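Chemist: Mind folding the following:
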Amino acid sequence: MSAATPYVRPDVKMLLDMLAAMAGPKMNEIPLADARASYAQMAALVEADPVPLATIRDLSCPGPRGDIPLRLYDAQAERAPGPVVMFYHGGGFVIGDLDSHHALCTTIAAELDLPVVAVHYALAPEHPFPASDEDSIAATRWVAENAAALGREATGLVTMGDSAGGHLAIVVAQDLAKAPAKVPVILQVPIYPATDESSDGSMAEFAEGFLLTKETMDWFMACYAPVPGDPRAYPIHGDQAGSPPTLLVTASLDPLRDQGRRYAAALAAAGVECHFMEMKGSIHGFVNLRKAVPSAQADMLAILAQAKLMLGRICA
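Modeler: Numbering: from 1, shown residues only. So this is what the prediction gives:
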């Protein structure tokens, strides 16, 4: 293998070859409703099965545009006060919902043995920037302050998400650092997050052929319509010094890889504890590909094991 040829895991290559052989229009070339439906259909084919839990309950909280749908996951029917994980789904701020990341949230709840509250924020283009950010912040503050309605008393918050959700995990933590809630963010776990405006580096290197494409990213961002320089749109411009301990995850074949690397470097430069994990030979979206890409399940378990180690020390 030449130095210019990136390493691709065998199971990842099998999935990429299968997708390349499938004819059909690109996501940004079909009606929005069809794009959202196709994302849900793909998840049903390639994602691992949900883990049975004692508690899975839909609920909602007030938000800037009306009620925000939430889903509570817990391996236990009842629980003493402790940390609560806030999970924000990926999908470029345009696609995805509580169901698209349902199986993943059951795994997180089971492996961490903590309550998980998944947030379905308002999607673009119907609700462009900063709607997703505002909804995620509002939902997190509601969980911090409404133990009775949730049925779980949070003593600390863990913000976690993938892709757009990884971005939101950072934005929420930055907002709560500026204007503290009743309960602090004690750990953030952004997984292949979008953090800055860059279009070079990995965005160019992996523009085609690795599931997420630059063209799709451009479409997502056109729908999201972020304001240049606003830290809620590009959290690398926020105050990193106030960030909580961080577990930052990237994939080596991801167009967003370098955005994650740069954000990890910014945290380190600000003196923030940051554990960096890069999944070699894997692609954007691997947390939702755990049936089609078995190695992705091992990656997810490794991420959660590291998060559990960090929480054990933070909460000691």
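
Chemist: list the contacts for Ser295?
Modeler: Applying Cβ atoms under 8 Å, 6 or more residues apart in numbering to Ser295 gives the contacts Arg9, Asp11, Val12, Ser282. C-beta coordinates here come from the backbone N, C-alpha and C atoms, glycine included.

Chemist: which one of these has the most neighbours?
Modeler: Greatest neighbour count in these, by other Cβ atoms under 10 Å, goes to Ser282: 26 neighbours.

Chemist: where's that one relative to Glu29, distance?
Modeler: To Glu29, Ser282 is 26 Å away according to Cβ to Cβ, to the nearest Å.

Chemist: Pick the one among the contacts of Ser295 closest to Leu309.
Modeler: For the contacts of Ser295, the residue nearest Leu309 by Cβ to Cβ is Ser282; the value is 21.5 Å.

Chemist: Excluding chain neighbours, what is closest to that closest one?
Modeler: Ala251 (4.4 Å; Cβ to Cβ, 6 or more residues apart in numbering).

Chemist: How many residues are close by that neighbour?
Modeler: Neighbours of Ala251 (other Cβ under 10 Å): 30.

Chemist: Packing partners of the helix or strand encompassing Asp258?
Modeler: If you go by DSSP states H and E, Asp258 is part of helix 257-269. If contacts are counted by 3 or more Cβ pairs under 8 Å, 6 or more residues apart in numbering; DSSP states H and E, helix 257-269 sits against helix 202-205, strand 246-251, strand 274-279.

Chemist: From the contacts of Ser295, pick the one nearest Pro50.
Modeler: Asp11 (21.1 Å).

Chemist: what about the closest residue to Ile137 other than its chain neighbours, neighbour count?
Modeler: Residue nearest to Ile137 in three dimensions, not counting chain neighbours: Asp175, with 4.9 Å by Cβ to Cβ, 6+ apart. The number of residues packed near Asp175 is 23, by other Cβ under 10 Å.
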